[in-house]
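Visitor: just the structure for this:
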Amino acid sequence: LQLQDEQQTHTLPADLAARTRLARVLSYRDHGDETALDLFETEYRGYQNRVRSIHERLFFAPLLDTLAGAGPLTAEAVEVRLTAFGFLDVAQTRAALQELTQGFTRRSRIMQQLLPVILSWLSATPDPDLGLLQLRRLAEGEVRSAALARSFRESPRAAERTCRLLGSSRLLGDALRRQPDFVEALGDDDALSHEKSRDELVEEALGNLMWRPSADERRVGLRRFKRREMLRIATRDVLGFASIEETEAELAGLADACVEAALRSLGPSLPFAVIGLGRLGGGELSYASDLDVLFVYDGEDAADERAAEKIAEQLISELGGITPEGQTFRVDANLRPEGKKGALARSLSGYEAYYARWAQTWEFQALLKARAVAGDAAVSDRFAALIEPFVYRDPFPDDDVREVRRMKARIERERIPPNEDPRFHLKLGRGSLSDVEFTAQLLQLQHGA
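Guide: Predicted coordinates:
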């Protein structure tokens, strides 16, 4: 490999053609049903496994013996070695290892055998201390601990992936602790490779809710569904089964499903729709995103207005209320006409009148990401048709171009902390995400895209 490009490297090429060439250069040849590359990689994995077993004996077995009180290393050597592998809290590491291996049960014997390789896996994660602490919590209780040890013994792939998740995120550790049966699913590549569509998620959310008899039970069920799916999506993300774009799209689909299920459980008495804005509308939700929404209905009289306002209030409570099972999503309706002072829900004609007389340029810019999320499809379609001539004006006024630029400058001035160098602020500094987004959105406003 180094002769080929005259560059120092210790990594096999990822490209299939380059790996095949390497196998052939090393004298591997196709044989029967196996290709030269298959034969090379089989032998390569064998060497890896042998090296790993030596690595565990040399580095982790003496550590474990010493921490158990019968090993060859001094206390200082233990601390140095643990620190080299990323474990900074020696006392916590000792307590966790003792708890995982204490007793003479079959479960403790399995964990004693597995701990060298578990420590090796954890040492490769962003936060080994966190990973070990969360593994200790995941194994709390005799029944749960025995089930975890059995899963680890039967599926080393699931065990390694569990360690990667536990050492990567406190959020994922908490979610796994609530759903320990998910550990077994971590060994299934086919399941982890599958990206669920919005329609699949909506169907599962509805199936999760509709059989529950009371509003409280439906609320709990919705939060459990969201937590389970969030764990699956985040696992695909961390383990490399999904790109950033696929992850954002699945998170947005999960939000759509939760909003749709919650709205249907309320049984609105008039045509009512939820429109997504911001990251929700753009289908690029992150794990910590709020749901930016507008509520729109078809109706004209005061009774319709009161009914729509009540539905909107109930929906925000259904999704955002705190329960022992947590919160489904925080809902932000502040991008509505007149902001916090305005009505939560407006009729189609109410939106049209507001946008014709009072709306500011930034509100039209926000509507670039407007997307139907839940509720009555006809109302959503009519809303989309209603806003189009306001958002895409031909020509787009020069005064509004200046207003977009003024708004961008104001956001950067007000939101970059005074102690930070604006040149290095990734969201709002020069060449940042703000520059990219405002440029793209201004082009959309000017050219109707």
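Visitor: count of neighbours near Q48?
Guide: Per other C-beta atoms under 10 Å, the neighbour tally for Q48 reads 10. C-beta coordinates here come from the backbone N, C-alpha and C atoms, glycine included.
Visitor: same check, this time on R264
Guide: That count, for R264 with other C-beta under 10 Å as the rule, works out to 16.
Visitor: in the protein, which helix or strand is least confident?
Guide: Every helix and strand in the chain was compared by mean pLDDT, DSSP states H and E; the lowest is helix 61-67, with a mean of 76.
Visitor: which strands or helices does it pack on?
Guide: helix 75-84, helix 90-101, helix 106-123 (3 or more C-beta pairs under 8 Å, 6 or more residues apart in numbering; DSSP states H and E).
Visitor: could you dump these to a markdown table with mean pLDDT, distance to R50 and mean neighbour count?
Guide: Output for these, formatted as a markdown table (pLDDT from 0 to 100; distance: least, C-beta to C-beta, whole Å; neighbours: other C-beta atoms under 10 Å):
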| stretch | mean pLDDT | distance to R50 | mean neighbour count |
| --- | --- | --- | --- |
| helix 75-84 | 82 | 22 | 14 |
| helix 90-101 | 82 | 25 | 17 |
| helix 106-123 | 81 | 13 | 19 |
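Visitor: dump the ones you listed into TSV; add distance to G131 as well.
Guide: What follows is the helices and strands packed on helix 61-67, written out as TSV (distance: least, C-beta to C-beta, whole Å):
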stretch	distance to G131
helix 75-84	13
helix 90-101	10
helix 106-123	4
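Visitor: any idea how far the least confident helix or strand of the chain is from the chain center?
Guide: Remark: helix 61-67 is offset 36 Å from the chain centroid, using C-alpha atoms, centre = their mean, to the nearest Å.
Visitor: got the CA coordinates for it in CSV?
Guide: Taking Å, rounded to 0.1, in the frame of the first residue of the first chain, the C-alpha atoms of helix 61-67 are listed here in CSV:
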residue,chain,number,x,y,z
ALA,A,61,-6.7,-8.8,32.0
PRO,A,62,-3.9,-7.5,34.4
LEU,A,63,-6.0,-4.4,35.0
LEU,A,64,-9.1,-6.4,35.9
ASP,A,65,-7.0,-8.7,38.2
THR,A,66,-5.4,-5.8,40.0
LEU,A,67,-8.7,-4.0,40.4
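Visitor: tell me where the stretch 201-350 of the chain has strands.
Guide: Per DSSP state E, counting those that start in this stretch, the stretch 201-350 of the chain carries strands over the ranges 272-276, 291-297, 331-332, 345-347.
Visitor: neighbouring contacts of the first one?
Guide: What that stands for is strand 272-276. 252, 255-256, 259, 263, 281, 291-298, 308, 311, 315, 345, 369-377, 379-380, 383 (C-beta atoms under 8 Å, 6 or more residues apart in numbering).
Visitor: so which of the helices and strands packed on helix 61-67 is nearest T66?
Guide: Between T66 and those, the tightest spacing by C-beta to C-beta is seen for helix 75-84, at 5.2 Å.
Visitor: chain center to that closest one, what's the gap?
Guide: So, by C-alpha atoms, centre = their mean, the centroid of helix 75-84 is 35 Å from its chain's centroid.
Visitor: what of stretch 332-341?
Guide: Offset of stretch 332-341 from its chain centre (C-alpha atoms, centre = their mean): 27 Å.
Visitor: all further residue positions should be reported with the first residue as 17.
Guide: That works, and once the first residue is 17, the last one we named lands at stretch 348-357.
Visitor: enumerate every residue touching the residue lying closest to Q128 once chain neighbours are set aside.
Guide: In space, and not counting its chain neighbours, Q128 is closest to T117: 4.7 Å by C-beta to C-beta, 6 or more residues apart in numbering. With contact set as C-beta under 8 Å, 6+ apart, T117 has these partners: 84, 124, 127-128, 131.
Visitor: try it again at 7 Å.
Guide: Contacts for T117 (C-beta atoms under 7 Å, 6 or more residues apart in numbering) come out as 124, 127-128, 131.
Visitor: one more: C179?
Guide: Shown in contact with C179 (C-beta under 7 Å, 6+ apart): 134, 137-138, 141, 147.
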